[in-house]
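A.B. asks: give me coordinates for this.
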Amino acid sequence: MIIAIDGPAGSGKSSTAREVAKRTDSLYIDTGAMYRAVALFCLRKGIDTSQPDFDTYLNGLSISLKSSESGIAVWLNGEDVSDEIRSSTVSELSSIVSSDVRVRVKMVDMQREMASEALSRGGSVVMEGRDIGSVVFPDAEFKFFLIADPKVRAERRALQMEEKGVPVDSRALLDEILARDARDESRSTSPLIRASDAIAIDTSSLSFEEQVENILSVIHGNG
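C.D. replies: Numbering: from 1, shown residues only. Next comes the predicted model:
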């Protein structure tokens, strides 16, 4: 089966999806990390999507996801970039890069291929992002859409950064999240949108365990 978990930045979908995958013995595919890897690739190359030869650079891009102690490791052209893609600079650029239709087409192809390989082996897949239930796998057996108050999402992101020793400007972080929401919701290609048959879960006041259990109860037929 395919379990699609969508939602805006900071809604808790990544950590929740990772745990749901663990408890259902499924492959976890972090699509947001894949777009971050593209953003990092662009930063390193000093390129952007407006360049005439951007397609050439994009064709030379290789991204793979591997299991690790922390859940998932992201490899860009043979290099583990799991930590580097989590910077605020990469996060901001990934929202911009992901609006390009060529980038989305390539990433969706990669995501479908990863899932197809897992399903062919008799496994299940938990995939999280912003357009999984609406575009990547519209026929997914289970679809969830996580939401949360922007201030709560900013607080969560600030806590994550503080735990890593990264200086935090709370106001700037909230503005960044609101700006990203606006870009994701208004882009012409695969906008952030709740699929009509997706179950919405407001995580604003839920504990991590409650988020996970809400999803598992539906999957196991108790929701």
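
A.B. asks: alpha carbons of stretch 190-197, in CSV - could you do that?
C.D. replies: Below are the C-alpha coordinates for stretch 190-197, written out as CSV (Å, rounded to 0.1, in the frame of the first residue of the first chain):
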residue,chain,number,x,y,z
SER,A,190,1.5,20.9,-8.2
PRO,A,191,0.5,23.5,-5.6
LEU,A,192,0.1,22.7,-1.9
ILE,A,193,-3.5,21.5,-1.7
ARG,A,194,-5.4,19.0,0.2
ALA,A,195,-6.7,16.2,-2.0
SER,A,196,-10.5,15.9,-1.8
ASP,A,197,-10.3,12.4,-0.2
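
A.B. asks: and the contacts of it?
C.D. replies: By CB atoms under 8 Å, 6 or more residues apart in numbering, the list of residues contacting stretch 190-197 from outside reads 4, 6, 8, 104, 108, 130-131, 133-135, 138, 143, 145, 181, 184-185, 200. Glycine gets a C-beta too; all of them are placed from N, C-alpha and C.

A.B. asks: wait, what's in contact with the residue most central in space within the chain?
C.D. replies: Central residue of the chain (CA atoms, centre = their mean): G32, 2.7 Å from the mean position. Contact analysis of G32 by CB under 8 Å, 6+ apart lists 9, 14, 94, 128-130.

A.B. asks: swap in L206?
C.D. replies: Residues near L206 by CB under 8 Å, 6+ apart: 12, 214.

A.B. asks: give me the pLDDT value at it.
C.D. replies: For L206, the pLDDT comes out at 93.
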